[in-house]
Every structure is written in structure tokens, then in C-alpha cells.
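# Need the 3D shape of this:
(chains A and B)
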Amino acid sequence: MSKFQKKRGASSPEVSTASLPDIIFMLLFFFMVVTVLRDSELKLNVLTPSATQLTKLQEKSLVNYLYIGKPKEKYQETYGTSPRLQLGDKFATVADIPLFLEKHKIKVPENKRNKITSSLRVDGKVTMGIVQDVKIALRKANQLKVNYSAKPKAE
Amino acid sequence: MARKSSRDRMKNEINAGSMADIAFLLLIFFLVTTQIVEDKGITVKLPPWSEEEVDPTQLKTRNVFSVLVNADNQLLVRKEPAELNDLRERAKEFIMNPKRREDLSEKPTKAIISLKNDRGTNYETYLQVYNELKGAYDELWEEEAQRKYNRPYSDAMPRHMKKEIKGRIPMVLSEAEPTTFGEEQ
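This is a model prediction of the structure:
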């Protein structure tokens, strides 16, 4: 009997929690590195259609985003309800595309410039007219790699 | 006596238990504010801009698979109304022409798919049609890869094999200028 009592006295039951913050910090850093903060506020309603033959965009720094859709309700008073183009965080017209592409291009190292992709995030309900105008502007600016953004289709 | 008490104070540690809570708070903040952006889509290579129009009448009609999507989102494939669901199979049959039919393409390298839409066509419909046409080529490449190299067509495949497959079945999808029907004002 005395044997058991001796053992109980010798062990210290407390587990050290000092390393817990380190573990949590590691998780935190992981999420901070993996996620990308969206840099521009979306002023349009963009609901991309779904498709099956998708490819993933590789390097985020080599992608520029062009949004097309109807303005959100709070901007409709100023900008109307017809589909508009958004570059960066402001409304734009097709004529602004070359400058926008050039601004993005100078940030990219020269050896990677031919890999720049334009991601077209277009609302499914938009008609092809404005999309066609944007495509012609891209072709004229010699930006030929285009990605039609789409959601994977559940099958 | 005083010396002993000071040494006792040195042994005291800051309680680090609450550090975990602070870190958790930060973690949850980041989890809530960031949104993981879905960055997937159909990658397309646009043709370079040129002032002169390509004249499609020079091509033999049997080598051209014309797809027209009108402002009412209806499909016209080779001058006949068609359904979106049949499009992939028909495109595959047209490209490969396994039965050597007179009205389908002579060989895969000569096959051209011509896609035309109105300005009033819905973007969603257009993308679905494009998806089906790309799907037809993807499936053909997959079949070719399985037949020739006995492995799936994927990113892991060596570049020269991919080039070989794409050389046999090149994807030629030309998009004509759209007609101006049904433009939204």
C-alpha cells in the first residue's frame, strides 16, 4: 500500500501548455501565407457560369483580372443597370484596357511577360456584345492568353 | 534572508497560457476575413489581331464544323438546329471521322471548328458551347494518349508526348465576328 502512495507523490500531473501558442502561431502563419487578400472591391454582380473543362491558374502575380457584369445596386443610380467593365477597383471602358494591361506588365519580370494571363470574370447573364468588345481590345493589345473564369460543375 | 527571496522572484515565470487564446483570436480573424478565391477557368488562346478578315469560303465545306449560337441561345450546327447535349459527340465524330464519311473532315489535322455568336447571345450559353467543344478535344487527346502511350493525358505527361498528340489532333477553333442581333441597350 505504501508503494502506491509513494509513486503518486513523485509524478507531477501538470502538462506544460507553453508550446500551445507556438502551434497556433504556426497555423496562423500557414493561413496568412496560403490565402490571398482580395485587393479590389467588386462593384459589379459577377456570378461566373459553371463548366467542366477547367484549368487552374498557376501564378497569381501573372494574372490580371477583368470583371464584367451589372453594377451592384448602390452604384446603379450613378452607373445604370447595363453591363459594365471593371478594371482594378474602378469602372472602366474598353478604351482603358491597354493602359491597364501595361500597368500590370511593368510589374512582371521580363522573362515571364509572355506568360501573363487575363482572367475574364464575366457574369453568366451578360450578353456577348461587351465580352466581344473586350476580347477585341485584348487582341489588339496582343494579350492573347485568356482564361474564362468558371466554377466547376457538380456532376 | 533577503537574498533568498530575490532568487525566488527570479524563478517566477510569466504565465503563457493566455498566449494561445490571443493566437487563436488572430487565427479566427484571418479565417473569417480571407476568402479563398476560386481561380479556375477555361484557358483560351485568342488569335492575333489582324485587319484583314480570313475568308472561310476557301476551305472545303466538309472540313468546317460550323456552330452558330443566336441571340435566343439556340444552336445551329452545320446549318441544322441542334441540342447542346449532342454537341460533344458530334464534334468528336466530325474531327476523327471513324467511318470515313464523305461529309465529315478528311483528317483531324484539317478539321476546323468555326464558332459564331450574336452580340445578344448569353455569355453562359456561349461558355457552355465552348466548354463542350473543348471537352471534345480533351476527350480525343485522352483517348490518343491512352492508345499511344498507355497513360492518361495530364500535366505530368512529358512535353514531347503532348506535342505529338496535339500535332496529330490540333485544336483549331476559329471565332468569327459576331452579328449584331439582340444587343442589350
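# burial measure for residue 145, as a count.
If you meant another chain, say so; for now it's chain A. 17 (other C-beta atoms under 10 Å in any protein chain shown). Placement of C-beta: from N, CA and C, glycine included.
# actually chain B
Look at residue B:145: counted by other C-beta under 10 Å, it has 19 neighbours.
# Leaving out chain neighbours, which residue sits closest to it?
Using C-beta to C-beta, 6 or more residues apart in numbering or on different chains and skipping residues adjacent in sequence, the residue nearest residue B:145 is residue B:153, 3.8 Å away.
# Does the one you found belong to a helix, a strand or coil?
coil (DSSP: H, G, I helix; E, B strand; the rest coil).
# which ones are touching it?
B:138, B:141, B:142, B:144, B:145, B:146, B:162, B:165 (C-beta atoms under 8 Å, 6 or more residues apart in numbering or on different chains).
# Report the two of the residues you listed separated the most.
B:146 and B:162 (13.8 Å; C-beta to C-beta).
# who has more neighbours, the two?
The neighbour comparison of residue B:146 against residue B:162 (other C-beta under 10 Å) goes to residue B:162, with 15 against 12.
# Please name the nearest non-neighbouring residue to the more buried one.
residue B:153 (7.5 Å).
# those strands in chain B, which residues are they?
With DSSP state E, the ranges of strands along chain B come out as B:40-45, B:64-69, B:75-77, B:80-82, B:112-117, B:173-175.
# Per-residue pLDDT of residue 12, please?
You didn't pick a chain, so chain A it is. At residue A:12, the pLDDT value in this model is 68.
# wrong chain, I was asking about chain B
So, for residue B:12, pLDDT stands at 70.
# picking that back up, want to try a markdown table for the strands of chain B, with distance to residue B:27 as columns?
Listed next are these as a markdown table, based on distance: least, C-beta to C-beta, whole Å:
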| stretch | distance to residue B:27 |
| --- | --- |
| strand B:40-45 | 27 |
| strand B:64-69 | 48 |
| strand B:75-77 | 50 |
| strand B:80-82 | 53 |
| strand B:112-117 | 47 |
| strand B:173-175 | 46 |
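# Of all the ones you listed, which one is nearest chain A?
strand B:40-45 (4.1 Å; C-beta to the nearest C-beta).
# Can you list the buried residues in the closest one?
Going by neighbour count (16 or more other C-beta atoms under 10 Å in any protein chain shown), the buried part of strand B:40-45 is B:40, B:41, B:42, B:43, B:44.
# repeat for stretch B:162-171
B:165, B:169, B:171.
# nearest residue to residue 139 other than its sequence neighbours?
Here I'm looking at chain A. Residue A:139's closest residue in space is residue B:49 (C-beta to C-beta, 6+ apart), at 4.0 Å.
# my question was about chain B
residue B:92 (6.4 Å).
# and the gap between that neighbour and residue B:169?
Using C-beta to C-beta, to the nearest Å, residue B:92 is found at 10 Å from residue B:169.
# what sits in contact with each of those two?
With C-beta under 8 Å, 6+ apart as the test, residue B:92 and residue B:169 both reach residue B:140.
# Spit out the contact partners of residue B:39.
Applying C-beta under 8 Å, 6+ apart to residue B:39 gives the contacts A:56, A:57, A:60, A:63, A:119, A:149.
# Between these, identify the one with the most neighbours.
residue A:149 (24 neighbours).
# Verify the stated contact: it with residue A:48.
Yes. Using C-beta atoms under 8 Å, residue A:149 is in contact with residue A:48, at 5.0 Å.
# Identify the contacts common to the two.
A:121, A:122, B:41.
# between these, which is closest to residue B:179?
Among these, and counting by C-beta to C-beta, the member closest to residue B:179 is residue A:122, at 19.8 Å.
# Quick check: phi and psi at the closest one.
phi -120, psi 140 (degrees, to the nearest 10).
# Quick one: residues contacting the nearest residue to it once chain neighbours are set aside.
Excluding the flanking residues, the one nearest residue A:122 by C-beta to C-beta, 6+ apart is residue A:68, at 4.5 Å. Counting by C-beta under 8 Å, 6+ apart, residue A:68 touches A:44, A:46, A:83-86, A:120-123, A:126, A:130-131, A:134.
# Generate a markdown table for these, with pLDDT, neighbour count and secondary structure as supplementary columns.
Putting the contacts of residue A:68 into a markdown table (pLDDT from 0 to 100; neighbours: other C-beta atoms under 10 Å in any protein chain shown; DSSP: H, G, I helix; E, B strand; the rest coil) gives the following:
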| residue | pLDDT | neighbour count | secondary structure |
| --- | --- | --- | --- |
| A:44 | 88 | 21 | strand |
| A:46 | 88 | 18 | coil |
| A:83 | 89 | 21 | coil |
| A:84 | 90 | 20 | strand |
| A:85 | 92 | 22 | strand |
| A:86 | 91 | 21 | strand |
| A:120 | 91 | 24 | strand |
| A:121 | 90 | 21 | strand |
| A:122 | 92 | 30 | strand |
| A:123 | 92 | 19 | coil |
| A:126 | 90 | 24 | coil |
| A:130 | 90 | 21 | helix |
| A:131 | 91 | 25 | helix |
| A:134 | 92 | 19 | helix |
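# Compute the distance between the residue nearest to residue B:162 and chain A, please.
Going from residue B:153 to chain A by C-beta to the nearest C-beta, to the nearest Å gives 12 Å.
# rewinding a little: how deep is the residue nearest to residue B:139 tucked in, by neighbour count?
Residue B:92, neighbours per other C-beta under 10 Å, totals 17.
# Nice, that's everything, thank you.
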